[in-house]
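Chemist: coords below, sequence missing:
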């Protein structure tokens, strides 16, 4: 009868230690996950701001060259075509609203 209480105490001690370790690791992973979520939210806010800037730049470029006068000029036309190509690349980067 002496063996059972000693064995029970050892088993309870080991299980208590395991529960403490699992509780600590779970809490630690939760903190890391919350930090990662905060970073992702920050990136999404940044990308949303960039998308709005890209959209407004596209509207302004179309408004500027509504008549095609910039594109037809040789000196300015080359530069304007490069700006339009950059805008097309940025349009591909633009976040899609779902």
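Modeler: That came through, no problem. Note that the coordinates shown come from a computational prediction; the quantities given were computed from them, not determined experimentally. Numbers count the residues shown, from 1 in each chain.
Chemist: in this protein, what helix or strand scores lowest on average pLDDT?
Modeler: helix 69-72 (a mean of 64; mean pLDDT, DSSP states H and E).
Chemist: what's the first helix or strand after that helix?
Modeler: Next along the chain after helix 69-72, taking DSSP states H and E as the criterion, comes helix 74-93.
Chemist: which elements pack onto that following helix?
Modeler: Helices and strands touching helix 74-93, by 3 or more C-beta pairs under 8 Å, 6 or more residues apart in numbering; DSSP states H and E, are helix 3-64, helix 69-72. (Glycine included, C-beta is placed from N, CA and C.)
Chemist: how far away is residue 48 from residue 20?
Modeler: Distance, residue 48 to residue 20, using C-beta to C-beta, to the nearest Å: 42 Å.
Chemist: again but with residue 87, I slipped
Modeler: For residue 87, the distance to residue 20 - C-beta to C-beta - is 58 Å.
Chemist: cool, residue 64 as well?
Modeler: In terms of C-beta to C-beta, residue 64 sits 66 Å off from residue 20.
Chemist: for the protein, which residues score under the pLDDT cut-off?
Modeler: Residue ranges of the chain with pLDDT under 70: 1-4, 68-75, 94-98.
Chemist: still on that earlier bit, for residue 87 and residue 20, indicate the residue with more neighbours.
Modeler: Comparing residue 87 with residue 20 by other C-beta atoms under 10 Å, the one with more neighbours is residue 87, at 15 against 10.
Chemist: hang on, isn't that one packed against residue 58?
Modeler: Yes: under the criterion of C-beta atoms under 8 Å, residue 87 makes contact with residue 58 at 5.7 Å.
Chemist: who's in contact with residue 17?
Modeler: Contacts for residue 17 (C-beta atoms under 8 Å, 6 or more residues apart in numbering) come out as none.
Chemist: and residue 33, how many neighbours does it have?
Modeler: By other C-beta under 10 Å, neighbour count at residue 33 equals 10.
Chemist: what of residue 27?
Modeler: Residues within reach of residue 27, counting by other C-beta under 10 Å, total 10.
Chemist: again with residue 79
Modeler: 11.
Chemist: ok, residue 52 - contacts?
Modeler: Counting by C-beta under 8 Å, 6+ apart, residue 52 touches no other residue.
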